[in-house]
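S.K.: here's a sequence, model it:
(2 chains)
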Amino acid sequence: MSLLTLLAGVHIFKKALIDIKYRIVGIDLLVSIAVIAAFIIGDYFEAAAVTYLFTIGHILEKNSLEKTRSALKTLMDLKPTTGRRLNENVEEIIPFNQIKPGDVLLVKPGEKIPVDGIILEGEVYIDEQMMTGESMPVFKQVNEIVYGSTLLQSGYIKMKTTHVGEETTLSRIIHMVEEAQDKKAKTEKFMDTFSKYYTPVIVLFAIIMSVVTKDIRLAVTILVIACPGALVIATPVSFVAGIGNAAKKGILFKGGDSIERLSKTSMVFFDKTGTLTEGRPVVTRFKSYGLDEDEVLRIAAIGESYSEHPLSKAIIDYAVKHGLDINDKPTDPNMIIGKGITFRYNNSKYSIGNDTWIKANDIVQKDIHTFMDLGLSTILLADEYSVLGIFGIEDQIRHHSKSMILELRTLGIKKTMMLTGDNERVAKAVSESINIDDYRASIFPEEKAEIIKQHAGEHTLFVGDGINDAIALTYADASVAIGGFGKDLAMETADVVLMSEDISKLPEAIRISRKVKSNMVQNITFALLVVLVLMTGVLFKKVSMSIGMLVHELSVLLVLLNAMRLLKYNLGGQHGKGHKRY
Amino acid sequence: MEKTVLQLETLTCPSCVRRIEGTLSKTAGVSNATVKFNASKVEVEHESGIDKGHITDIVTKLGYKVLSTK
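M.R.: I've put the predicted structure just below:
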């Protein structure tokens, strides 16, 4: 039996020797000393029990740890193994890693899209749930981007490969999750430092005890329980499991630190366009003065033809929808930033732009105000003499914006505020319709940061779509970017990235962060308690070496099991939106 | 300067981190070694002269199975 014990202990002793070489006081060294000491004092049973318990405990720990990290593996397993390449209309199935940028691939219904690319032919419904957490399939057509590992539900496509291997969106998500899992949070750093000092202090304590009491057995038992196994593992396992769970729901946390900061949020700032609203403005009202309606619309669209502004695009789309021929080009177009465009067409001079720049008479003014009260942005078209038409453009409010604000309130968020560059009337209309606490209108991006700074006492969170929010993002305590799927900038800057544009994921992210935080606190409290109880037990000679080891290993396993609850934690079920259970 | 990334079997104890980092950073030609505990990965920055196999050997000898090397 003693021989067997020694054999089982060889791997522990080996690690202990390496540790001595690098002056690391780890558990292997402590256990080795304890086992050897038990041998010397002739307590073979204790020596064997400690060795076996330690070894078995280790195997169990490894299995459980693998489980807490399993989310990442699920993401990796999403990668398809083959692709169907088209070579002069001949199909050939090639291994995934042989697909190159520029390759034309064919994807049939029920198949996974192998890599990132652009649709050349076909209209399809794609299930992107594995990456965005969005359960509704997405419709895509020619020239739209498709992502590797998403599932083609119906239809077929011919696609041109753009990104392969490590460059695909899925690979980058995996890389981000991996980085996030190893990014240490404040609590974790603290625990690391704590455990670094804790162990040597206990060893010293054991030595003192052995000298003072001359009780080798007592001193050695102290050594066995000296390694704060559960304590060290308490924080990282909760974070890893939480980050993994969230990733499967399309919520990417950038690390334990991000989780901690998000969990404290008490005040939330929102960007308007693209965050609370769809960010895809459409003309919903139009009125012309004097000229024929279609003619006014046609001139406006022609005038806007060189502009990239979303509002310009809305007017062009509106004209196209009315079947107007807008292929003519304006002459002498001149863009005036923040105001509008002047141009010539058919020997007349026109301007198209906002109402502060183009002067309108009282009748038109009244119509403009009616539009504004509806929450519409207005664009005016005028010739040299008078206004010819006004456009009321609406950026539709996202479906879940209102319920999301309500949910934040039930989560105990003290205040919500919308920050927008839009004018007062539009801002007021939007904020009233979603019931947000407060808003600031007509502000520049840099002023957003100022407003956030004024609330430095609160735990501030800024939510934006990642476009021109960079300054605001850095001044808030935590930041969330929505619709980050495929958007590099958003993925880089924010603490938390919601892959889909579903804003209802925000309360979910906050809830996960709180759940993870409390799981971590439970783990730490439990681990500390175990150490305390063990130490007391040992000092009063109620705990033997083997029992000490048993409790030590059990406590590590319990901490792991507790963290594993986070993997199964499903927030979707709580508010019954029919999310898939994982 | 070259970078080698080793994927290890699941790392279970945080003291593994110090053990591997300690050993590798004292290896001649290695300028930096970082262990990612949760990802069970080792990132080694070293002179181009060092064979990747050599690094794998060192880690294997410490008692950690190397699953893949990049």
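
S.K.: which bits of chain B sit near chain A?
M.R.: Along chain B, the residues adjacent to chain A under the rule CB under 8 Å from any CB of the partner chain are B:9-10, B:12-15, B:18-19, B:22-23, B:26, B:36-41, B:62-63. Backbone N, C-alpha and C define where each C-beta goes, glycine included.

S.K.: going through those residues, which ones are buried?
M.R.: Buried subset of these (neighbour count, 16 or more other CB atoms under 10 Å in any protein chain shown): B:10, B:12-15, B:18-19, B:22-23, B:36-41, B:62.

S.K.: go through those residues and flag which are in strands.
M.R.: The members of these that map onto strands under DSSP state E are B:Lys36, B:Lys41.

S.K.: show me the buried ones among the residues of chain B next to chain A that map onto helices.
M.R.: Within those, residues falling in helices by DSSP state H are B:Pro14, B:Ser15, B:Arg18, B:Arg19, B:Gly22, B:Thr23.

S.K.: pretty sure the last one contacts B:Gly63?
M.R.: No - counting by CB atoms under 8 Å, B:Thr23 does not reach B:Gly63; the two are 10.8 Å apart.

S.K.: for A:Ser238, phi and psi?
M.R.: Per-residue torsions, A:Ser238: phi -60, psi -50 (degrees, to the nearest 10).

S.K.: please tell me how far it sits from A:Glu179.
M.R.: Using CB to CB, to the nearest Å, one gets 18 Å for the distance from A:Ser238 to A:Glu179.

S.K.: so these two - more neighbours on which side?
M.R.: Ranked by neighbour count (other CB atoms under 10 Å in any protein chain shown), A:Ser238 and A:Glu179 place A:Ser238 first, with 32 against 13.

S.K.: excluding its backbone neighbours, what's nearest the more buried one?
M.R.: Closest residue to A:Ser238 apart from its sequence neighbours, by CB to CB, 6 or more residues apart in numbering or on different chains: A:Met520 at 4.0 Å.

S.K.: correct me, but that neighbour touches A:Thr235?
M.R.: Yes - counting by CB under 8 Å, A:Met520 does reach A:Thr235; the two are 5.5 Å apart.

S.K.: any common contacting residues for these two?
M.R.: Common contact partners of A:Met520 and A:Thr235 (CB atoms under 8 Å, 6 or more residues apart in numbering or on different chains): A:Thr187.

S.K.: so what pLDDT did A:Ala49 get?
M.R.: Looking at A:Ala49, its pLDDT stands at 83.

S.K.: how far away is it from A:Thr221?
M.R.: 12 Å.

S.K.: list residues touching both of those two?
M.R.: Residues touching both A:Ala49 and A:Thr221 by CB under 8 Å, 6+ apart: A:Met545.

S.K.: the two: who's more crowded?
M.R.: Higher neighbour count among A:Ala49 and A:Thr221: A:Thr221, with 30 against 20, using other CB under 10 Å.

S.K.: quick one, what contacts the more buried one?
M.R.: A:Ala34, A:Val538, A:Val543, A:Ser544, A:Met545, A:Gly548.

S.K.: again, but for A:Gly412
M.R.: Taking CB under 8 Å, 6+ apart, we find A:Gly412 in contact with A:Ser266.

S.K.: and it, which of the three is it?
M.R.: In three-state terms, and counting by DSSP: H, G, I helix; E, B strand; the rest coil, A:Gly412 is coil.

S.K.: which non-adjacent residue is nearest residue 49?
M.R.: All of this refers to chain A. Spatial nearest neighbour of A:Ala49, excluding adjacent residues (CB to CB, 6+ apart): A:Ser546 at 3.5 Å.

S.K.: that answer is for a different chain, and I need it for chain B
M.R.: Excluding the flanking residues, the one nearest B:Gly49 by CB to CB, 6+ apart is B:Gly29, at 6.3 Å.

S.K.: touching, that neighbour and B:Asp51? I think so.
M.R.: No - using CB under 8 Å, B:Gly29 makes no contact with B:Asp51, being 9.9 Å away.

S.K.: neighbour-wise, which of these two wins?
M.R.: Set side by side, B:Gly29 and B:Asp51 show more neighbours around B:Gly29, with 14 against 11, by other CB under 10 Å.

S.K.: in chain B, where is pLDDT below threshold?
M.R.: Residues of chain B that meet the criterion pLDDT under 70 lie in B:14.

S.K.: just give me the residue right at the centre of it.
M.R.: Closest to where the C-alpha atoms of chain B average out (CA atoms, centre = their mean) is B:Val42, at 4.3 Å.

S.K.: which residues sit in contact with it?
M.R.: Applying CB under 8 Å, 6+ apart, the residues contacting B:Val42 are B:Val5, B:Leu6, B:Leu8, B:Ile20, B:Leu24, B:Ala33, B:Thr34, B:Val35, B:Lys36, B:Val59.

S.K.: with A:Gly389 instead?
M.R.: For A:Gly389, the contacting residues are A:Phe286, A:Lys287, A:Ser288, A:Tyr289, A:Leu291, A:Glu293, A:Val296, A:Leu297, A:Ala300, A:Leu380, A:Leu381, by CB under 8 Å, 6+ apart.

S.K.: which of those residues has the weakest pLDDT?
M.R.: Ranking the contacts of A:Gly389 by pLDDT, A:Leu291 lands last with 87.

S.K.: am I right that that residue is in a strand?
M.R.: No - counting by three-state DSSP, A:Leu291 falls outside a strand, being coil.

S.K.: not counting sequence-adjacent ones, nearest residue to it?
M.R.: Among residues not flanking A:Leu291 along the chain, A:Leu388 sits closest, at 5.6 Å (CB to CB, 6+ apart).

S.K.: okay, and the one you found sits in which element?
M.R.: Per DSSP states H and E: A:Leu388 is located in strand A:387-394.

S.K.: again with A:Gly83
M.R.: In this assignment (DSSP H and E), A:Gly83 forms part of strand A:82-87.

S.K.: list the buried residues in that strand.
M.R.: A:Gly83, A:Arg84, A:Arg85.

S.K.: what's the answer for stretch A:349-359, then?
M.R.: Buried-residue list, stretch A:349-359, by 16+ other CB under 10 Å: A:Tyr350, A:Ser351, A:Ile352, A:Gly353, A:Asp355, A:Ile358.

S.K.: of all the residues you listed, which two lie farthest apart?
M.R.: Distance extremes for these: the farthest pair is A:Tyr350 and A:Asp355 at 15.7 Å, using CB to CB.

S.K.: residues contacting A:Leu381?
M.R.: A:Val296, A:Ile299, A:Ala300, A:Gly303, A:Tyr350, A:Ser351, A:Ile352, A:Val387, A:Leu388, A:Gly389, A:Ile390, A:Phe391.

S.K.: any idea which residue is closest to the centre of chain A?
M.R.: Among the residues of chain A, A:Leu252 comes closest to the average C-alpha position under CA atoms, centre = their mean, at 2.3 Å.

S.K.: ok so A:Ile379 is a strand residue?
M.R.: Yes - assignment of A:Ile379 by three-state DSSP places it within a strand.

S.K.: so how far is A:Lys79 from it?
M.R.: For A:Ile379, the distance to A:Lys79 - CB to CB - is 47 Å.

S.K.: check which helix or strand covers the residue lying farthest from the centre of chain B.
M.R.: Distance from the C-alpha centroid of chain B, by CA atoms, centre = their mean, peaks at B:Gly49 (16.3 Å). Using DSSP H and E, B:Gly49 sits within no helix or strand.

S.K.: which positions in stretch A:249-256 come out as buried?
M.R.: Across stretch A:249-256, burial judged by 16+ other CB under 10 Å covers A:Lys249, A:Gly250, A:Ile251, A:Leu252, A:Phe253, A:Lys254, A:Gly255, A:Gly256.
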